[in-house]
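Undergrad: have a look at this prediction, sequence included:
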Amino acid sequence: MGDLYALDFDGVLCDSCGESSLSAVKAAKVRWPDLFDTVDSTLEDWVADQMHFVRPVVETGYENLLLVRLLLEMRIPSIRKSSVAEGLTVDGILENWSKLKPVIMEEWVENRDALVELFGKVRDEWMDNDLATWIGANRFYPGVPDALKFASSSIYIVTTKQSRIYGLGTGPKVEVLKQLQRKPEHQGLKLHFVEDRLATLKNVIKDPELDGWSLYLGDWGYNTRKEREEAASIPRITLLQLTDFSKKLK
């Protein structure tokens, strides 16, 4: 019996935090140019550093834009338009993002679809105009390229990333996993899904149709210590280290 691995892209194969953070800063300058009147390169570097810490909350790319502005409002009282910025910390963002996001969207009078379009447009323009720099801002995790190159298992990349990256289907990941397991050529294979977002794995567990999948949370990806501790308490989920992941694909 062979193995099939469905792999998330961002946070499992590729550390794209540098690229997504820089794209978000570029897009934020387009969307809110006045905010950057008081922002120098040192403060931009600070924002980019902080984005690495808050990255686990990001489910869709446009949220990086919101985080950039929120971090700036936390740091610069004079530009604050949101009621949540004062006294807010990185840990506070990690703990409460699902509650903070609708508040700042309303207080900033923002539209999700418009931000999604802007973030994608800015990222695409960066790729079109300076592909080498864009690629340089992304990096594969150590050992991943060789693991994929020499893998003996069937490998599929399941991603919500915009269409430049190969993904299977455009729906939620649970639906993509169903598509994979229904394919005639996959009957009899052991099914494995590696993801860095605990919430996604919990959605898989909720669906009885996906009971046949072995689930793994990559501890090198965009998740928090609290999420890793919770994952360790869920029998269905195996906490996976990067070195073990590379070995599994062989």
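TA: Sure thing, it's come through. Quick caveat: nothing in here was measured; it's all calculated off a predicted structure. Numbering: from 1, shown residues only.
Undergrad: burial count for the residue lying closest to residue 36 once chain neighbours are set aside?
TA: Nearest residue to residue 36, sequence neighbours excluded (CB to CB, 6 or more residues apart in numbering): residue 29, at 5.4 Å. Every residue, glycine included, has its C-beta placed from N, CA and C. For residue 29, the neighbour count with other CB atoms under 10 Å is 15.
Undergrad: now find how far off-centre the worst-scoring helix or strand of the chain on mean pLDDT is within its chain.
TA: Across the helices and strands of the chain, mean confidence by mean pLDDT, DSSP states H and E is lowest for helix 242-248: a mean of 88. With CA atoms, centre = their mean, to the nearest Å as the basis, helix 242-248 stands 20 Å off its chain's centre.
Undergrad: just the buried positions in that helix, please.
TA: Buried residues in helix 242-248, counted by 16 or more other CB atoms under 10 Å: 242, 245-246, 248.
Undergrad: save the residues you listed as a markdown table, and put in distance to residue 43 too.
TA: Below are the buried residues of helix 242-248 laid out as a markdown table (distance: CB to CB, whole Å):
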| residue | distance to residue 43 |
| --- | --- |
| 242 | 32 |
| 245 | 36 |
| 246 | 38 |
| 248 | 42 |
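Undergrad: rewinding a little: for the residue nearest to residue 36, grab phi and psi.
TA: phi -70, psi -30 (degrees, to the nearest 10).
Undergrad: helix/strand/coil for the nearest residue to residue 61 once chain neighbours are set aside?
TA: In this structure, residue 61 finds its nearest non-sequential neighbour in residue 119, 5.1 Å apart by CB to CB, 6+ apart. Secondary structure for residue 119, judged by DSSP: H, G, I helix; E, B strand; the rest coil, is helix.
Undergrad: contact partners for residue 119?
TA: Contacts for residue 119 (CB atoms under 8 Å, 6 or more residues apart in numbering) come out as 23-24, 27, 61-62, 64-65.
Undergrad: swap the cut-off to 6 Å and go again
TA: Contacts for residue 119 (CB atoms under 6 Å, 6 or more residues apart in numbering) come out as 27, 61-62, 65.
Undergrad: per-residue confidence for the nearest residue to residue 83 once chain neighbours are set aside?
TA: Nearest non-adjacent residue to residue 83, counting by CB to CB, 6+ apart: residue 107, 6.4 Å away. Looking at residue 107, its pLDDT is 97.
Undergrad: what pLDDT does the residue nearest to residue 61 get?
TA: With respect to pLDDT, residue 119 has a value of 96.
Undergrad: how about the CA coordinates for stretch 13-30, as PDB?
TA: Output of stretch 13-30 as PDB, limited to C-alpha atoms (Å, rounded to 0.1, in the frame of the first residue of the first chain):
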ATOM      1  CA  LEU A  13       6.700  23.900   2.400                       C
ATOM      2  CA  CYS A  14       7.500  27.600   2.200                       C
ATOM      3  CA  ASP A  15       8.200  30.400   4.700                       C
ATOM      4  CA  SER A  16       6.500  33.300   2.800                       C
ATOM      5  CA  CYS A  17       6.200  35.600   5.800                       C
ATOM      6  CA  GLY A  18       9.000  37.900   4.500                       C
ATOM      7  CA  GLU A  19       7.200  38.300   1.100                       C
ATOM      8  CA  SER A  20       3.700  38.600   2.500                       C
ATOM      9  CA  SER A  21       4.800  41.200   5.000                       C
ATOM     10  CA  LEU A  22       6.600  43.300   2.400                       C
ATOM     11  CA  SER A  23       3.700  43.000   0.000                       C
ATOM     12  CA  ALA A  24       1.400  44.100   2.900                       C
ATOM     13  CA  VAL A  25       3.500  47.200   3.600                       C
ATOM     14  CA  LYS A  26       3.600  48.100  -0.100                       C
ATOM     15  CA  ALA A  27      -0.200  47.700  -0.300                       C
ATOM     16  CA  ALA A  28      -0.800  49.600   2.900                       C
ATOM     17  CA  LYS A  29       1.200  52.600   1.400                       C
ATOM     18  CA  VAL A  30      -1.300  52.500  -1.500                       C
END
